[in-house]
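Undergrad: Quick one, structure for this:
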Amino acid sequence: MRRAWGTGGAIAVSQFSDDGDRFSPGDTVYLQGGREARVVDCHRAGTATILELDVIRNVRDATALRGTIIEMEGDDLPKPPEGAFYHYEIVGMKVRTSDGEELGEVIEIIVTGANDVYVVGKQGAREQVLVPAISDVVLDVDINNGVVTVDLPEGLR
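TA: Here you go, the predicted model:
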């Protein structure tokens with residue numbers, strides 16, 4: 001959640017998807033700590049999505065949620081386009097090179113604007129590899145087996 005919007009308790013949020021119709025009145029969402037809320041109204045304003053939730057009644061309530069991630073049940077999410085994945089599906093997956101070398105697992109995803117970057121590391125190790133999520137580098141994402149196959153260019157290790 002970015003900030004309060006107006007004086008009635010609406011909030012401006014950034015979406016982590018390209019789906020402009022992600023939220024609809026009646027949708028159930030979850031706030032920090034698993035607190036359930038229902039979408040009362042939703043519209044776009046520039047790059048922000050403006051939400052009115054049934055549990056936010058004023059600017060003070062809205063401001064208290066600044067920085068909070070608003071989540072939905074996975075079953076309520078629309079199916080992503082072919083070759084696209086939700087971040088929650090990628091984080092935790094094992095990463096191997098096309099030669100079979102184990103690099104670790106996706107620890108987090110950095111959103112850069114141009115393309116995502118997977119932060120890959122091994123449990124307990126300090127060393128990490130930053131993998132640009134582009135088709136020349138990420139060769140395959142096997143959701144069923146939890147494996148991302150990559151072809152790392154020179155200099156990425």
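
Undergrad: make it CA atoms for all contacts and neighbour counts henceforth
TA: Fine.

Undergrad: what about the helices in the chain?
TA: In the chain, the helices defined using DSSP state H lie at 59-64, 87-90.

Undergrad: and the ones you listed as JSON lines, adding mean neighbour count?
TA: Converted to JSON lines, the helices of the chain look like this (neighbours: other Cα atoms under 10 Å):
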{"stretch": "helix 59-64", "mean neighbour count": "17"}
{"stretch": "helix 87-90", "mean neighbour count": "15"}
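
Undergrad: Confidence-wise, which of these is weakest overall?
TA: Out of these, helix 87-90 stands lowest, with a mean of 88 (criterion: mean pLDDT).

Undergrad: before we move on, back to that, the helices of the chain: which one's closest to Ser98?
TA: Nearest to Ser98 among the helices of the chain is helix 87-90; the distance by Cα to Cα comes to 17.7 Å.

Undergrad: what does the lowest-mean-pLDDT helix or strand in the chain contact?
TA: Least confident helix or strand, the chain: helix 87-90 with a mean of 88, by mean pLDDT, DSSP states H and E. Helix 87-90 is contacted from outside by Val106, Ile109, Ile143, using Cα atoms under 8 Å, 6 or more residues apart in numbering.

Undergrad: hmm, which of those residues are the buried ones?
TA: Val106, Ile109 (16 or more other Cα atoms under 10 Å).

Undergrad: and the least confident helix or strand of the chain, how far out from the chain's middle?
TA: Its chain's C-alpha centre and that of helix 87-90 lie 7 Å apart, by Cα atoms, centre = their mean, to the nearest Å.

Undergrad: Repeat that for stretch 143-157.
TA: Taking Cα atoms, centre = their mean, the mean C-alpha location of stretch 143-157 is offset from the chain mean by 19 Å.
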